[in-house]
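Colleague: predicted model follows, preceded by the sequence.
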Amino acid sequence: MSAVLKFLEAMGRTSSTAAMSDSEYAATVARLDIDAAQQRALLDRDHAALNDLLGGRATMFFGLVPAENDEPQRDDGEGEGEGEAPEQSPDTDRAD
């Protein structure tokens, strides 16, 4: 795994890296064993440039495909009407 990816993974894994000041972030990036273009992309927080430098995909697609013959689950009606007050006509609320 590249040093850039390890760095990004570490940032996502720990909350302390999210709280870094700009100078701490720059010092951390400067210590990485990466080329100048990758450093510049990280310092500029330029995800598109970093993606290009690392040979990432321009577009990503994610889809869910249900299994064959997988019928949707039915709602058996339990809990139906929970939390709802019964309807009353305006005439039934009056005390005569």
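Modeller: It's in.

Colleague: which parts of stretch 50-61 are buried?
Modeller: Judged by neighbour count using 16 or more other CB atoms under 10 Å, the buried positions of stretch 50-61 are 50, 53. Yep, even glycine has a C-beta here, placed from its N, CA and C like the rest.

Colleague: average model confidence for that stretch?
Modeller: Stretch 50-61 shows a mean pLDDT of 88.

Colleague: how long is it end to end?
Modeller: 19 Å (CA to CA, to the nearest Å).

Colleague: begin at 27 from now on, thanks
Modeller: Got it, first residue is 27 now, which makes that one stretch 76-87.

Colleague: what does it rub up against?
Modeller: 28, 30, 31, 63, 64, 67, 68 (CB atoms under 8 Å, 6 or more residues apart in numbering).

Colleague: please tell me I have it right and the fifth one contacts residue 31.
Modeller: No: proximity of residue 64 to residue 31 does not meet the contact threshold set by CB atoms under 8 Å, at 10.6 Å.

Colleague: which pair of the contacts of stretch 76-87 spans the longest distance?
Modeller: The span of these, defined through CB to CB, is set by 31 and 63 at 15.4 Å.

Colleague: need the contacts of stretch 76-87 in JSON lines (columns: neighbour count).
Modeller: Output for the contacts of stretch 76-87, formatted as JSON lines (neighbours: other CB atoms under 10 Å):
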{"residue": "28", "neighbour count": "14"}
{"residue": "30", "neighbour count": "20"}
{"residue": "31", "neighbour count": "10"}
{"residue": "63", "neighbour count": "12"}
{"residue": "64", "neighbour count": "19"}
{"residue": "67", "neighbour count": "22"}
{"residue": "68", "neighbour count": "24"}
